[in-house]
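>>> Please find the sequence and the predicted model below.
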Amino acid sequence: MQILIIRHGDPDYSIDSLTEKGWREAELLAERLSKLDVREFYVSPLGRAKDTASLTLKKMNRKAVELPWMQEFFRADIDRPDAEGRTIVWDWLPQDWMKEEKYYDKVNWTDTAIMRDSRVAEEYRWVADGLDELLAGYGYVREGNYYRVEKANADRIVLICHFGVECVMLSHLLGISPMVMWHGFCAAPTSVTTINTEERRKGIASFRVSSFGDISHLYVADEPPAFHARFCEYYGKEGERTD
């Protein structure tokens, strides 16, 4: 099977919707997705994700299943060393988290004082269990670090959600600490990540990413990518890189 994980369009967080640019991005995304054979659409319950999905669903005369665990990964806040008050878990300065080797470990990344003083482990498990339940419905049942194939298929499903939770799903599927995903990868608004099953031994499947954060639907329309989820290339640089 194939999974497409899509980040919402350029957000207006103040109203949990999209900016004018975000709506243009969503329209271009709809052009791309409408050409595909999609078994089912799934969407986060947050407005910016549902608004992004709405143009595709209208164009294809489809509906989406809303999944609570696909909301952004922000309920597990942390007491970050350099910040006042509690903050989201997936935005640390590199010198603060990289000096702790446990954060690179796919099993022990939550075994630090900062992580234990939060709901991070419980929230991660909620997302992982939700994803596994979804995949089991398509015939792929989690066993340890791989999936037992009960019903092999070539179904394509589309998940429209958020960057933080996208990285959690990928970390679970690939066996990578989400800290590495959150801080080492960047998915621009409306970017498409493609994951496929591989069954090289009968009855045993794993998931493999064939593309991450693809925004070719923006490039073909000369629509520059939004800057959200990125930081400046060097300290003190003003503005955004658009080339």
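Good, I have the coordinates. Residues are numbered from 1 along each chain as shown.
>>> from here on, contacts and neighbour counts on C-alpha atoms
Noted.
>>> could you show me where the helices are in this protein, in order?
Assigned by DSSP state H, the chain shows helices spanning 20-33, 47-60, 94-97, 113-116, 120-136, 163-174, 178-184, 216-219.
>>> any idea of the mean pLDDT for the third one?
Here helix 94-97 scores 91 as its mean pLDDT.
>>> list the buried ones in that helix?
Using 16 or more other C-alpha atoms under 10 Å as the test for burial, helix 94-97 gives residue 97.
>>> Among the helices of the chain, which comes closest to residue 208?
helix 163-174 (7.4 Å; C-alpha to C-alpha).
>>> Report the inter-axis angle for that closest one versus helix 120-136.
Here the directions of helix 163-174 and helix 120-136 differ by 70 degrees (axes from the mean of the first three to the mean of the last three C-alpha atoms, to 10 degrees).
>>> Test my guess that residue 166 contacts residue 5.
Yes: between residue 166 and residue 5 there is a contact at 6.8 Å, judged by C-alpha atoms under 8 Å.
>>> Comparing those two, which shows the higher neighbour count?
Taking neighbours as other C-alpha atoms under 10 Å, residue 166 and residue 5 compare with residue 5 leading, 28 against 25.
>>> I figured residue 145 hits residue 175, correct?
Yes: taking contacts as C-alpha under 8 Å, residue 145 lies within contact range of residue 175: 7.2 Å.
>>> In terms of neighbours, single out the busier of those two.
A direct count of neighbours by other C-alpha under 10 Å for residue 145 and residue 175 places residue 175 higher, at 14 against 11.
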